[in-house]
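A.B. asks: Sharing a model prediction with you, sequence too.
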Amino acid sequence: MMEQEILKCLEALKTGRTILYPTDTIWGIGCDALNPKAVEKVYFLKKRMEDKSLIILLDDPSKLPLYVGNVPLIAWDLIKQVDSPLTIIYPNARNLPENVTGEDNSIAIRIVHDIFCRSLVRAFGRPVISTSANISGEPAPLIFKNISPEIKNGVGYVVNLFQDEFHDVKPSRIIKFNEKGEFRVIRK
């Protein structure tokens, strides 16, 4: 079942469509992070201003240098030691469309450990956008049944797994690094 869902997601991602999928935190809207037109669809669906950057998911920390100019040493340690979802905002994004990065050319990246997400991102071979499955400004739904019909009907594909399950999940912790390698906690 999971393999079939991953194949359906891959088909959607490769053709520039959006997906509604369970992540390592909450249900998310995703697309190919390297496809600016697909990213535009995410902003449009969420009614979100494009000056708010998005999170990308990677399956392995070794891929960070592909998308970040300089990964601070402490970031490597944090990634290894943290056992809960952690999003790190890095300066000096690279090899990413402008509509994915922040106005300051930063990029938010989470290395996923959840088996579905990690398998999906690994099979896709490219970063996948992850943003909460809600209209901008509305509360992020913690369970599938609370996702608005506008979101469910607006994506290209809805993953048919874990929809009836309730996980005690919440959005990831967020840490932001500056150019000097210093960081501050954005969300605990």
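C.D. replies: Cool, got the structure.
A.B. asks: Now do K8: how many residues are near it, please.
C.D. replies: Number of residues near K8 (other C-beta atoms under 10 Å) recorded here: 16. Every C-beta, even on glycine, is put in place using the N, C-alpha and C of the backbone.
A.B. asks: And the contacts of the helix or strand containing it?
C.D. replies: Element membership for K8, per DSSP states H and E: helix 2-14. Contacts of helix 2-14 with the rest of the structure, by C-beta atoms under 8 Å, 6 or more residues apart in numbering, involve 18-19, 21, 30-32, 38, 115-116, 119-120, 123-124, 126, 128, 156-157, 159-161.
A.B. asks: W27 against F144, yeah?
C.D. replies: Yes - using C-beta atoms under 8 Å, W27 is in contact with F144, at 5.8 Å.
A.B. asks: the more surrounded of these two?
C.D. replies: W27 (26 against 20).
A.B. asks: Need the three-state assignment for G28.
C.D. replies: strand (DSSP: H, G, I helix; E, B strand; the rest coil).
A.B. asks: is it in a bridge, and if so with what?
C.D. replies: Bridge pairing for G28 (DSSP bridges) gives the partners Y21, S132.
A.B. asks: show me the residues around it that make contact.
C.D. replies: Applying C-beta under 8 Å, 6+ apart, the residues near G28 are L20, Y21, P22, S130, T131, S132, A133.
A.B. asks: go on, K46?
C.D. replies: I29, T131, N134, I135, S136, I151.
A.B. asks: tally of neighbours for D83?
C.D. replies: D83, neighbours per other C-beta under 10 Å, totals 6.
A.B. asks: could you say which helix or strand contains it?
C.D. replies: Using DSSP H and E, no helix or strand contains D83.
A.B. asks: what's the nearest residue to the most centrally placed residue in the chain if we skip its chain neighbours?
C.D. replies: Centroid check for the chain by C-alpha atoms, centre = their mean gives S130 as the closest residue, at 2.3 Å. Closest residue to S130 apart from its sequence neighbours, by C-beta to C-beta, 6 or more residues apart in numbering: G28 at 4.4 Å.
A.B. asks: how near is that neighbour to N178?
C.D. replies: 27 Å (C-beta to C-beta, to the nearest Å).
A.B. asks: Check T101 too.
C.D. replies: 15 Å.
A.B. asks: Show me the two of the contacts of G28 that sit farthest apart.
C.D. replies: P22 and T131 (13.8 Å; C-beta to C-beta).
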